[in-house]
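Asks: This is a predicted model, with the sequence first.
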Amino acid sequence: MKGSRWRLPLRYMVLLYLALLVLVPVGAVFFHAFSGGLGAAWNGFTAPDALDALLLTLIVVAIAVPLNTIFGVGVSLILARHRFPGAWLLDALVDIPLAISPVVIGLSLILVYGHTGWWGNWLAARGITVIFSVPGIVMASAAVSLPYVVRGVLPVLQEIGTEQEQAARTLGAKPFTVFRRITLPSIRRGLAYGVTLTTARVLGEFGAVSIVAGAFAGKTQTYTLFISQSIDNLKPQSAYVGAVVLCLAALIVLTTLTLTDRNRDAWHGKAAA
Amino acid sequence: MSSAGVSVGDLGLSGDLGAPADRRPGRGRWRRTPPAAPPPALVAAGRLAGRIGGPALAITYLSLLVLLPLAALFTNAFSGGWSAFWAAVSNPQAVSALQLTLMLSAIVAVVNSIAGLAISFVLVRDDFRGKALVSAVIDLPFALPTVVAGLTLLTLYGVDSPLHVNLAGTRLGVAAALLFVTLPFCVRSVQPVLAELDDEIEDAASSLGASRRQVLVRVILPSVLPSVLAGAGLAFARAIGEYGSIVLISGNLPGKTLLASSYIFGLSQSDDLPGASAVSVVLVAIALLVLMVIGWARRRFEIPETA
C-alpha cells in the first residue's frame, strides 16, 4: 500500500472514525467533569455517597478478583497438566460467561439465590441475604469475570510444557515449591494479563450487578450504579467525576495489558518491526 | 485451590525420590533430612484426592456461579410449559425487542467489520507518528466500563450535545454505543492476520501484472475474510447481550429503542421472572449458536484466536 493514493485518505478516515466514536466522547466527559474547576470535581469525588459507592466497589474487587484468580490458575493447571474425561467440557464451560449477556447472568443468579429462587427458602431460614446485598454483587461480578484468568494463563502453561517442573520434581522439590519457583515465574505475564482483565471487568461491571443489587445508596450501590443513578437523578456532575475516575482506572488497565500481552508484538505487524 | 489438590496427589513422587534434594539450587540452603516417604495407602489416597479434589472444587465454583443459575434460567423459562414460554417470547414487545436487537447488532457487526478492516490496514501497512496511541485507543472500549462508555457517548451525542447532534432515544444512538463496545473485536481479529500476510505473494501477483486493485481483491481480501467474519461474529454475539453502554442513551422506548437486554431487565424488575427467563433463553441460544459457528470455523479454516 506504500505510495498508494488511498493511503492518506484511508488514514484520515480511520482517525476520524476513532475520534468521533471514542476519543472525543471520552474527552468530553473529562471536559464536563472539570468544567466547574478542580475544586468542584474534588467535591464531587469526595461526596459521601460517591465514596461509599467507590468503597463498595473496591471491596467487591478485593473479594471477587482473588477468588477468580485462584479458580483461574487452578483450572488452567488442571486443564494443562492432567488428562481426564470431560476436560474439553470444563474448557468450554469456563467461557460461557463471555457468551451471555450480563443481565441474563444477573437474572440467573436471582433465580437461584433470590427470595423466590431455588435456594431462597434455605438461605432465608439461615438469615442469609444474597440478592439485593453484597454477596450477590460479589457473585455477579465473579461470574462475569470468570474466564479471564484462565484465558491468560492456560495458553502459557500449554506452551511452556512440563520439562522444567519435572526436572525440579526429580531433584526433590516439593510440589508447592515447584509451583512457586518454576510454574509461577513462567506464567507471570499471562497471570498479570488475566488478573488485570478480571479487575477491569469487576470494577466496571454494570448489567449483572444492577439487576442483583437493587442499588440502595450507601449499601448496595457500586460505583458504576452510582454513575448511572446520578444521571437518573439529574446530577450529571457527579456522574462525570465518577466516569473520569473509572476512565483513569481504564488507562492503568490498558497500560498493564500492553506491558503483559504476548500478542502485542504480532499486532503491530511489519510496519513496526 | 487446585494447586493444593495437585500437591497432595504428587507427594508420593517427591517422597520416593527425596534423596538427591539435600541442596536447593541457587540458594545454598541445606536441608537437614530428606523427607520421609508416607505410607503407600496414604499416597494412593492422596493421589486420588489430588486427581479428583482439584477438578471437584473448580466444578463446584463454576456450578455455584454459572451452571446452577443457568439451569434455573432454563427451568424458569419452561416452568409454565411450552405454551407459556411461547407466549412470553411471542408477545409483540418481546418480538420487537428481539428483532431490533438482532437487526441493530447485525448492522453494527457489518459496519464495524468494514471499519475494523480499514483500521487494521492503517495499523499494519501505514506508518505515522502517534500510531501507538491509535492502537491504544482501539483497546479503550475493552477497558472502559460499559456505563462509562454510554455516558461518554451521551455527553457528545445527547440532549446537550456540543455538536448539536442529539441521538438520545434514537436507534442511531443505540447503534453508536454498540459500535463503541464492539470495536476492539473487529480490529483485533483482523490485524494479526493482516500482519502475518506474506509480502511475497503480493509481490508475485504484482510482478505477474496484477493491478493494486486486483491484488487487494484477489489476494489480500480472501486471506483476511475468515478473520473478518470471525470478528463480526464476536461483535454480534457481544452486541446482542449489551446493556451497560446502551441503557443511558437508548431511552428504552418500546418498539423503537428497547433492546432485549433492557426488556429482560424491565421484566425482572416487575417480577415477571418466567417471562424474563424465556426471552433470556432465546438470547443465550442465539449467542451460543453464533459462538459455536465461530469455533467450528476457526478449526475448519485455521483462523488464529486473538480477540
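Replies: Arrived safely, thanks for sending.
Asks: Regarding B:A210, which helix or strand does it belong to?
Replies: If you go by DSSP states H and E, B:A210 is not part of any helix or strand.
Asks: What is the burial count for it?
Replies: Residues contacting B:A210 under the criterion other Cβ atoms under 10 Å in any protein chain shown number 16. In short, each C-beta sits where N, CA and C put it, glycine included.
Asks: before we move on, what about the one 4 residues further on?
Replies: Under the neighbour criterion other Cβ under 10 Å, B:Q214 is assigned a count of 13.
Asks: Can you read off the pLDDT for it?
Replies: Reading off the confidence values, B:Q214 has pLDDT 82.
Asks: just the one 5 residues further on next, same as before
Replies: Residue-level confidence at B:V219 comes out at 83, pLDDT.
Asks: And it, how far from chain A?
Replies: In this structure, B:V219 and chain A are 12 Å apart, going by Cβ to the nearest Cβ, to the nearest Å.
Asks: Quickly find the element holding the nearest residue to that residue once chain neighbours are set aside.
Replies: Excluding its sequence neighbours, the residue lying closest to B:V219 (Cβ to Cβ, 6 or more residues apart in numbering or on different chains) is B:A205, at 5.1 Å. Using DSSP H and E, B:A205 falls within helix B:199-207.
Asks: any idea where the helices of the stretch 151-273 of chain A begin and end?
Replies: A:163-170, A:175-178, A:184-204, A:207-213, A:223-232, A:236-260, A:264-272 (DSSP state H, counting those that start in this stretch).
Asks: Dump these to TSV, plus mean pLDDT, mean neighbour count and distance to chain B.
Replies: Output for the helices of the stretch 151-273 of chain A, formatted as TSV (pLDDT from 0 to 100; neighbours: other Cβ atoms under 10 Å in any protein chain shown; distance: least, Cβ to the nearest Cβ, whole Å):
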stretch	mean pLDDT	mean neighbour count	distance to chain B
helix A:163-170	88	15	6
helix A:175-178	86	19	4
helix A:184-204	91	22	3
helix A:207-213	91	28	4
helix A:223-232	90	23	5
helix A:236-260	88	20	4
helix A:264-272	40	16	3
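Asks: outside of the helix holding B:A205, which residues touch it?
Replies: Identification of contacts with helix B:199-207 by Cβ atoms under 8 Å, 6 or more residues apart in numbering or on different chains yields A:K270, B:R212, B:Q214, B:V215, B:R218, B:V219, B:I220.
Asks: Then stretch A:131-145?
Replies: Here stretch A:131-145 has contacts from A:56, A:59-61, A:63-65, A:67-68, A:97, A:102, A:105-106, A:109-110, A:113-115, A:117, A:128-130, A:197-198, A:201-202, A:205, A:208-209, A:211-214, A:216, A:220, A:222, B:64-66, B:69, using Cβ under 8 Å, 6+ apart.
Asks: Please, a PyMOL command that selects the buried ones among the residues you listed?
Replies: Those of the contacts of stretch A:131-145 that count as buried under 16 or more other Cβ atoms under 10 Å in any protein chain shown are selected in PyMOL with:
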select buried, (chain A and resi 56+60+61+63+64+65+67+68+97+102+105+106+109+110+113+114+117+130+197+198+201+202+205+208+209+211+212+213+214+220+222) or (chain B and resi 64+65+66+69)
